[in-house]
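Novice: model the following, please.
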Amino acid sequence: MASSTFHPFSRLPTELRLKIWEAACFPFQQHHKGLHYVELLTVGDYSTRMRQMKRKNQHLDSDHSSNSANPSAYIWDVGLWKACKESREVILRHLNIDNPIKVRTDIQEDSSRPVSRENDGNDVQLGYLYNRDNSQQHKLAVRPSQDIFCIRGGNWRPPEYSFEFTDIWIPLVNQAWYALKICNLAFEFDPSWNNNLSKSGFRLSEMIKENSPRGMFAKALYHTADGNTSPQLWIIDKSTPWLRSTDQDIHTVYYDCKHAYVEIAWEDTRSDTTKQARYGLASEFIEDLSFLGQDDYNSYRFRAEMSRLSNSYLNTAEFDVKDAVKLLVRRDNEVKQFTDEDHYDVQNDSDYGTGE
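Specialist: Below you'll find the model as predicted:
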């Protein structure tokens, strides 16, 4: 189309403009969920919680969906809040589902104390994280029981005696706090996590004491092993190639503002795109961790169950590390065609799926 015949957006028919605005909204559906990034925050001497990641500035002007420091799904709709009155009306309608959970706060003298809201894991409604920009409130949408919250920064070594993995604390516009119960907690995998795991004499207790994401993940797994209602733990590997199993269902997709992610089995990762590839590094990590910490995690679970023993019931089921942690990968890293050992020639699709 010649530039002289291009119609400015404001001159498009209203019905077409509304369809464009609606298409730009985050696709909240049964199988479309959000991936949000949070950071750890130490509150006092005995408490550590999580909060949404800080932006470089306090306004939603320049760094939102394209901000590599925080590509959280809750930033997705920021442009719609800012574009114009019409786009704001569209996003308001988009978020106005039946009985939404509005994240509110009670004004308290001690603003460091949270107002907590329980979540039984079956709640699929939206929570609204409020943010103020130029005296206007924007509702940043999350689904506490459905979305994944990934720890990306902050204090990796919390106080020794108290760490809760069940709350995400969101700073609201009046500087008070609100505690949302979440059901899915993730850590981004780094190849350095494999360092020392196979070293003779290396103990799980050493890893847990590390001031690092790996150490925090190991400690979170301890909390999962105690049998309490801890969030489902995830590892996110953003670089590994992967193969789709013949019976694999990847209809559920998690989105941040850059990529789409799907859950796969640990056995479906690959180190490269050749037929002879080994499992990916994240799979090697979870395998080594299972071998290294299986006895320790089960010992912790047994002690925890004994301490909660009531009447004659005791859960003696063995704790399995690989079953306790789920794996999330980028959807676009799926291996649909194999390359040869030199990564030049592409094999036929008929060879796809062997993975050997």
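
Novice: which SSE is immediately downstream of the helix or strand residue 20 falls within?
Specialist: For residue 20, the host element (DSSP states H and E) is helix 14-24. Once helix 14-24 ends, the next helix or strand along the chain (criterion: DSSP H and E) is strand 32-43.

Novice: just checking, what packs against that following strand?
Specialist: strand 47-52, strand 136-142, strand 148-154, strand 253-255 (3 or more C-beta pairs under 8 Å, 6 or more residues apart in numbering; DSSP states H and E). The way it works is simple: take the backbone N, C-alpha and C, and place the C-beta from them, glycine included.

Novice: how about residue 244, what does it touch?
Specialist: Residues counted as contacts of residue 244 (C-beta atoms under 8 Å, 6 or more residues apart in numbering) are 250, 264, 268, 334, 353.

Novice: which of the residues you listed count as buried?
Specialist: Taking 16 or more other C-beta atoms under 10 Å as the criterion, what is buried in these is 250, 264, 268.

Novice: those residues in strands, which ones?
Specialist: residue 264 (DSSP state E).

Novice: circling back to that earlier point, least confident pick among the contacts of residue 244?
Specialist: Taken together, these show their lowest pLDDT at residue 353, with 36.

Novice: what is the neighbour count of residue 153?
Specialist: Applying other C-beta atoms under 10 Å, we find 14 residues neighbouring residue 153.

Novice: what's near enough to touch residue 283?
Specialist: Taking C-beta under 8 Å, 6+ apart, we find residue 283 in contact with 240, 266-267, 269, 327.

Novice: which SS class is it?
Specialist: Following DSSP: H, G, I helix; E, B strand; the rest coil, we place residue 283 in the helix state.

Novice: got the contact list for residue 37?
Specialist: With contact set as C-beta under 8 Å, 6+ apart, residue 37 has these partners: 52-53, 70-72, 149-152, 256.

Novice: and residue 9, by the same measure?
Specialist: Here residue 9 is in contact with 17, 20 (criterion: C-beta under 8 Å, 6+ apart).

Novice: per-residue pLDDT, it?
Specialist: On pLDDT, residue 9 comes in at 85.

Novice: again, but for residue 303
Specialist: For residue 303, the pLDDT comes out at 61.

Novice: cool, and residue 187?
Specialist: On pLDDT, residue 187 comes in at 96.

Novice: okay, now the sheet partners of the helix or strand hosting it, with direction.
Specialist: Using DSSP H and E, residue 187 maps to strand 184-188. Partners of strand 184-188 in the sheet, by DSSP bridges, are strand 148-154 (parallel), strand 232-237 (parallel).

Novice: run through who's touching the last one.
Specialist: Outside of strand 232-237, the residues within contact range by C-beta under 8 Å, 6+ apart are 35, 148, 150, 183-189, 217, 220-221, 224, 261, 269, 280-282, 285-286, 324-329.

Novice: stretch 322-331 now?
Specialist: In contact with stretch 322-331 (C-beta under 8 Å, 6+ apart) are residues 35, 148, 186, 221, 224-225, 232-240, 242, 250, 253-254, 259-266, 269, 282-283, 286-287, 290.

Novice: any idea how the chain splits into domains?
Specialist: 26-182, 184-356 (automatic domain parsing).

Novice: dihedrals phi and psi, residue 146?
Specialist: Here the main-chain torsion angles of residue 146 (degrees, to the nearest 10) amount to phi -110, psi -40.

Novice: pretty sure it contacts residue 252?
Specialist: No: applying C-beta atoms under 8 Å as the test, residue 146 and residue 252 come out as separate, 9.5 Å apart.
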